[in-house]
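K.L.:
everything below, folded, please.
(chains A and B)
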Amino acid sequence: MGKFFDTTPIYYVNDVPHIGHTYTTVAADIIARFHKLQGDDSYLLTGTDEHGAKISQAAEKHNQTPKEYADTISKEFNEAWDKLNINYSRFIRTTDEDHIKTVREFLQKMYDNDAVDKEPRLYKGLYCVGHEKFMSPEELVDGLCPDHKTAPIEYSEENYYFKLSLFQKQLEELISTDQIKIRPETRKNEILGKLKQGLEDISISRANLEWGIPLPFNPKHSIYVWIDALINYYTFGKEKGIWPTDLHLVGKDILWFHSVIWPAMLLSVGEQPPKEVFAHGFFSIGGQKMSKTIGNVIKPEELIQKYGVDGTRYVLLAAFPFGEDGDFSWELFDKLYNGNLANGLGNLIARVAKLAQDNNISEPKNDFAISEEVSQLIQNYHLNAALTYIWNQIADTDKLINLQKPWTLKGGELETALKELILHIKQIAHNLQPFMPETSEKILKQFAGEVTVQPPLFPRI
RNA sequence: CGCGGGGUAGAGCAGUGGCAGCUCGCGAGGCUCAUAAUCUCGAGGUCGUUGGUUCGAAUCCAACCCCCGCAACCA
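P.N.:
Take a look at the predicted model:
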């Protein structure tokens, strides 16, 4: 028994929930539920990231204030996770009062500790309006932005800088010794490689941004949205007294922020860095990159409508090795659903329930926990391998039925055979608890006391 | 140019020095408890190319070919 605290990234309200957000969040929920079942004091944090210029622009388009706009999108995320049975401890928003207060205190402390310059640096650069970012002179072709064919504006702005470069040695040490454990291993190597190339100080404020948290030591500046966002983990962790984070689950695109910038920020205020950062892979859609522009984004509602809540949780995690990229297609997910849920798990439950009901067999009493093998796999975040293991248990039980042929047996032999099968099923149901909580509960209920036939768990599609 | 991922059976993938595997699909057979479900057997691969290291290479090394991603909203 111990404490376990894991997080999803907080999602930027510039975008509505899609399959990528869903994947991260379901995985984080499975890990958190697993720890709870093991008796740990388990916390899962998710939420939305709501500040920044992009949000105020999007709000303007919808004729809303930034807060109104953020409220709308944030609610979509929150509702999606409720539908998916995500057992979060808190849904945090960067517009929450306590978060804003914590961010200001955090930044003040960075400032007091000399991790932030006392005076802003003047940043001069070439700003491309199309990109909404500064371009380096090398990126320009004939003085024009190669993508937009426009001349960038010469623009200068005063920014406060975080002295990230001071932490290079310490981070290399912490990461290479797994005190900040980065997984999968290839990602750790990537980060270490990038660290060796040197760290530059980073700007943490914006001068002309209204939709943001003011810098405590100079309210004319707003805090850069990434800095604001990362602190959400600390807002919750500090309040609950459960710091540091045991696991930040992130997409591979934001690993740098979570494994380098965020730990450095924590070190600068004398707090412990996260124990582990795990970067999972991305979905492509039918061989193409997932993109709003292409319009091939899959929404969680579409998945739930087709596969149900637990069906969605299952197919997302069963489809690919956890940590690696995978190519989504409805064909693949349909196959997984029909093959493994309808024909596999669902059918096994149906056939044993019928045999037990017809012969008035009642539940054998026994104590159960998650199988040791499954437990090990989940602890190492081999979620997909854990599911494979459980499905082998299902296949083995099907084989056992065909071997025993209970429909040819009578009396004591029949009872012994069926009770053995029921024990197998209960073990499977327990192993499924973190992955498919509703299904697991349904099965355990169905096989409690007098076993009865129930409607199919997963009708074929 | 750079960085990263990948090329293994019809499809999707696992396998990082020791007899090439899994799932789906396909073919044949069995069972009848079950959601046209389940079980058994089978066919199908010169592991991208070339060269090297080794008793032995899908696996290690070198060169090359091809696909995808990052630099543009996006987990």
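K.L.:
now do the closest residue to residue A:162 other than its chain neighbours against residue A:287, distance only.
P.N.:
The spatial neighbour of residue A:162 that comes closest, neighbours along the chain excluded (Cβ to Cβ, 6 or more residues apart in numbering), is residue A:204 at 4.8 Å. To be clear about C-beta, it is placed using only N, CA and C from the backbone, and glycine gets the same treatment. For residue A:204, the distance to residue A:287 equals 39 Å [Cβ to Cβ, to the nearest Å].
K.L.:
now do the contacts for the residue nearest to residue A:162.
P.N.:
For residue A:204, the contact set (Cβ atoms under 8 Å, 6 or more residues apart in numbering) comprises A:107, A:116, A:159, A:160, A:161, A:162, A:223, A:224, A:227.
K.L.:
where's the dip in pLDDT among these?
P.N.:
By pLDDT, residue A:159 ranks lowest within the contacts of residue A:204, coming in at 86.
K.L.:
what's the burial count for that one?
P.N.:
Neighbours of residue A:159 under the rule other Cβ atoms under 10 Å: 18.
K.L.:
checking the residue of chain A found nearest RNA strand B next. Helix, strand or coil?
P.N.:
Proximity of chain A to RNA strand B (Cβ to the nearest atom of the strand) peaks at residue A:346, 1.7 Å away. Here residue A:346 takes the helix state, with states given by DSSP: H, G, I helix; E, B strand; the rest coil.
K.L.:
show the pLDDT at it.
P.N.:
96.
K.L.:
grab the nearest non-local neighbour of residue A:278.
P.N.:
residue A:183 (4.9 Å).
K.L.:
what are the phi and psi values for residue A:299?
P.N.:
Here is the backbone geometry of residue A:299 (degrees, to the nearest 10): phi -100, psi 150.
K.L.:
for it, which non-adjacent residue is closest in space?
P.N.:
Once flanking residues are discounted, residue A:299 sits nearest to residue A:18: 5.8 Å by Cβ to Cβ, 6+ apart.
K.L.:
cool, and residue A:187?
P.N.:
residue A:279 (4.8 Å).
K.L.:
and what of residue A:427?
P.N.:
residue A:368 (6.0 Å).
K.L.:
ok, residue A:16 - contacts?
P.N.:
Shown in contact with residue A:16 (Cβ under 8 Å, 6+ apart): A:73, A:76, A:299.
K.L.:
same question, residue A:378
P.N.:
So residue A:378 contacts A:30, A:31, A:34, A:370, A:386, A:434 (Cβ under 8 Å, 6+ apart).
K.L.:
also residue A:457?
P.N.:
A:341, A:345, A:346, A:349, A:350, A:439, A:442, A:443 are the contacts of residue A:457 under Cβ under 8 Å, 6+ apart.
K.L.:
repeat for residue A:180
P.N.:
A:171, A:174, A:259, A:263, A:273, A:274, A:275, A:276, A:277.
K.L.:
kindly report the same for residue A:1.
P.N.:
A:38, A:39, A:40, A:41.
K.L.:
with residue A:393 instead?
P.N.:
A:371, A:424, A:427, A:428, A:431.
K.L.:
the fourth one: which element?
P.N.:
Element membership of residue A:428 [criterion: DSSP states H and E] is helix A:411-432.
K.L.:
only C-alpha atoms, please: export that helix in CSV.
P.N.:
Taking Å, rounded to 0.1, in the frame of the first residue of the first chain, the C-alpha atoms of helix A:411-432 are listed here in CSV:
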residue,chain,number,x,y,z
GLY,A,411,-24.3,-35.1,-11.7
GLY,A,412,-21.1,-34.5,-9.7
GLU,A,413,-18.8,-34.6,-12.8
LEU,A,414,-20.9,-31.8,-14.4
GLU,A,415,-20.9,-29.7,-11.3
THR,A,416,-17.2,-30.0,-10.8
ALA,A,417,-16.6,-29.1,-14.5
LEU,A,418,-18.9,-26.1,-14.4
LYS,A,419,-17.5,-24.8,-11.1
GLU,A,420,-14.0,-24.9,-12.5
LEU,A,421,-15.2,-22.9,-15.6
ILE,A,422,-16.8,-20.3,-13.3
LEU,A,423,-13.6,-19.9,-11.4
HIS,A,424,-11.8,-19.2,-14.6
ILE,A,425,-14.4,-16.6,-15.6
LYS,A,426,-14.2,-14.9,-12.2
GLN,A,427,-10.4,-14.7,-12.5
ILE,A,428,-10.8,-13.2,-16.0
ALA,A,429,-13.4,-10.7,-14.7
HIS,A,430,-11.0,-9.6,-11.9
ASN,A,431,-8.2,-9.1,-14.4
LEU,A,432,-10.4,-7.0,-16.5
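K.L.:
so how far is stretch A:25-37 off the chain centroid?
P.N.:
10 Å (Cα atoms, centre = their mean, to the nearest Å).
K.L.:
quick one on the thing from earlier: A helix includes the residue nearest to residue A:427, no?
P.N.:
No - under three-state DSSP, residue A:368 sits outside any helix and is assigned coil.
K.L.:
per-residue pLDDT, it?
P.N.:
Value for residue A:368, per-residue pLDDT: 82.
K.L.:
now the strands for the stretch 351-461 of chain A?
P.N.:
With DSSP state E, counting those that start in this stretch, there are no strands along the stretch 351-461 of chain A.
K.L.:
low-scoring stretches of it, by residue?
P.N.:
Nowhere does the stretch 351-461 of chain A drop to pLDDT under 70.
K.L.:
where in chain A is pLDDT low?
P.N.:
A:125-153, A:155.
K.L.:
quick one: contacts for the residue lying closest to residue A:344 once chain neighbours are set aside?
P.N.:
In this structure, residue A:344 finds its nearest non-sequential neighbour in residue A:394, 5.3 Å apart by Cβ to Cβ, 6+ apart. If a contact means Cβ under 8 Å, 6+ apart, then residue A:394 has A:344, A:345, A:348, A:428 as its contacts.
K.L.:
same question, residue A:259
P.N.:
Per Cβ under 8 Å, 6+ apart, neighbours of residue A:259: A:175, A:180, A:182, A:191, A:277.
K.L.:
quick one: which of those residues has the most company?
P.N.:
residue A:277 (28 neighbours).
K.L.:
can you tell me the helix or strand for it?
P.N.:
Going by DSSP H and E, residue A:277 is in strand A:276-280.
K.L.:
with just CA atoms, put that strand into CSV.
P.N.:
C-alpha atoms of strand A:276-280 as CSV (Å, rounded to 0.1, in the frame of the first residue of the first chain):
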residue,chain,number,x,y,z
GLU,A,276,8.4,9.0,-14.3
VAL,A,277,7.3,10.4,-17.7
PHE,A,278,5.9,7.9,-20.2
ALA,A,279,5.4,9.0,-23.8
HIS,A,280,3.0,7.0,-25.8
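K.L.:
and it, what does it pack onto?
P.N.:
Contacts defined by 3 or more Cβ pairs under 8 Å, 6 or more residues apart in numbering; DSSP states H and E place strand A:276-280 against helix A:19-37, strand A:181-183, strand A:247-251.
K.L.:
in JSON lines, list the ones you listed along with distance to RNA strand B.
P.N.:
Formatted as JSON lines, these follow (distance: least, Cβ to the nearest atom of the strand, whole Å):
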{"stretch": "helix A:19-37", "distance to RNA strand B": "2"}
{"stretch": "strand A:181-183", "distance to RNA strand B": "14"}
{"stretch": "strand A:247-251", "distance to RNA strand B": "2"}
